[in-house]
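Novice: Provided below are the primary sequence and the corresponding predicted coordinates.
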Amino acid sequence: MRSTSNAVEFDHVSKHYGAVLAVDDLSLSIEPGTTVALLGPNGAGKSTSINLLLGLLLPSSGAVRVHGGTPAEAVRAGQMGAMLQNGALIPELTVKELIDLVRRLYPDPLALDELLSLADLTELAGRRAGRLSGGQAQRVRFALAVAGAPRILLLDEPTAAMDVESRLRFWASMHDYAAGGRTVLFATHQMEEADEHSDRVIVIARGRLAADGTAAQIKADAGGQAVSFVLGEQPAAGLDRLPGVTAVEVAGGTATLHTSDPDATLDGLYRGTALDVRGLTLTGADLEAAFLQLTRESR
Ligand SMILES: Nc1ncnc2c1ncn2[C@@H]1O[C@H](COP(=O)(O)OP(=O)(O)OP(=O)(O)O)[C@@H](O)[C@H]1O
């Protein structure tokens, strides 16, 4: 029986390169229309996972499914587009010629003008590919990846060569593309990119799943948020039982409540205690702190 409800499924997938175990019993599924960030330190297995999804590598064990079929079937049907780390462009062709050449390979491609506009290349249409800057060439790679109007778009560190301005333009293009109900999976080292541009963050470390959820959930699970206030001489008893609280520290008259749910903790503090709460500060874990904690835990 083939399930068609998920765009992507990894079912107990492992991948060895000789003695190196790059992906270790990874199971996950991605619903259609989701934008997922794949986050992990160097060597975590991100590129290997993307190559498995594209059918460029076969799993040592387990199964990878794309819309219920094999990756090879999905690629043949033009369902997948990919922007890998260093895809070569033909330097003599103009941007327009190159994109048109590739789009004509697909059964149901996007229109040339639409592609140029989507990748913000209209003004560079007549420029030879060999004369583009690194960031402009990445935009061309993006146009080539979406030329066949794939249902699933895979991006391996797409903004690695881009300056701030190019990054902004690139993410705007990605969101335009994803808005049509397409599934996007992008690998990144940039926490803020994962936080800002995905519906879901999957953290892998040493080939295993370290965390899976929205950026907000991952931050909360890492328990890095805290509510602090001036306790003075008041008793600290019971603070550790407030909703969401994972640990309490009292030092120099200040109480710090580490919490997985600051809203619930504050509510409990005001309604459930008779404390006089002054000098309140809230500190949130950023995704970077959560990520470091998660990937450290899995070592
Ligand atoms: N062709 C290969 N032969 C042998 N080992 C490999 C090969 N490709 C990757 N590896 C190893 O597999 C592990 C996972 O590598 P992978 O490239 O998937 O990680 P990554 O998360 O994409 O890393 P990065 O962030 O550095 O791009 C690493 O230990 C890497 O050294």
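Specialist: Structure received. The structure displayed is predicted, hence computed values, not measured ones. Residues are numbered from 1 along each chain as shown.

Novice: From now on I want contacts and neighbour counts done on CA atoms only, so please keep to that.
Specialist: Will do.

Novice: secondary structure class for residue 204?
Specialist: State at residue 204, reduced to three classes by DSSP: H, G, I helix; E, B strand; the rest coil: strand.

Novice: Which helix or strand in the protein has the lowest average pLDDT?
Specialist: Ranked by mean pLDDT, DSSP states H and E, the helix or strand of the chain with the weakest confidence is helix 287-297, at a mean of 70.

Novice: Now do the residue most central in space within the chain against residue 74, distance only.
Specialist: Taking CA atoms, centre = their mean, the centroid of the chain lies closest to residue 37, which sits 0.7 Å from it. Distance, residue 37 to residue 74, by CA to CA, to the nearest Å: 21 Å.

Novice: Flag every residue of the stretch 101-250 of the chain that's near the ligand.
Specialist: Within the stretch 101-250 of the chain, no position is near the ligand by CA under 6 Å from any ligand atom.

Novice: what about the stretch 101-250 of the chain, any weak spots by pLDDT?
Specialist: For the stretch 101-250 of the chain, applying pLDDT under 70 flags the ranges 222-224.

Novice: repeat that for 80
Specialist: The stretch 101-250 of the chain contains residues with pLDDT under 80 at 161, 219-224.

Novice: what about the strands in it?
Specialist: Ranges of strands in the stretch 101-250 of the chain, per DSSP state E, counting those that start in this stretch, are 152-156, 183-188, 200-205, 208-213, 225-230, 245-251.

Novice: what angle do the last one and strand 225-230 make?
Specialist: Read it as strand 245-251. Relative orientation of strand 245-251 and strand 225-230, computed by axes from the mean of the first three to the mean of the last three CA atoms, to 10 degrees: 30 degrees.

Novice: So what are the sheet partners of strand 245-251 and their directions?
Specialist: strand 254-259 (antiparallel) (DSSP bridges).

Novice: Just the CA atoms of the strand it pairs with, as CSV, please.
Specialist: What follows is strand 254-259, C-alpha atoms only, in CSV (Å, rounded to 0.1, in the frame of the first residue of the first chain):
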residue,chain,number,x,y,z
THR,A,254,16.3,38.2,42.3
ALA,A,255,14.3,35.1,41.3
THR,A,256,14.8,33.6,37.9
LEU,A,257,12.2,31.1,36.7
HIS,A,258,13.4,29.0,33.8
THR,A,259,10.3,28.1,31.9
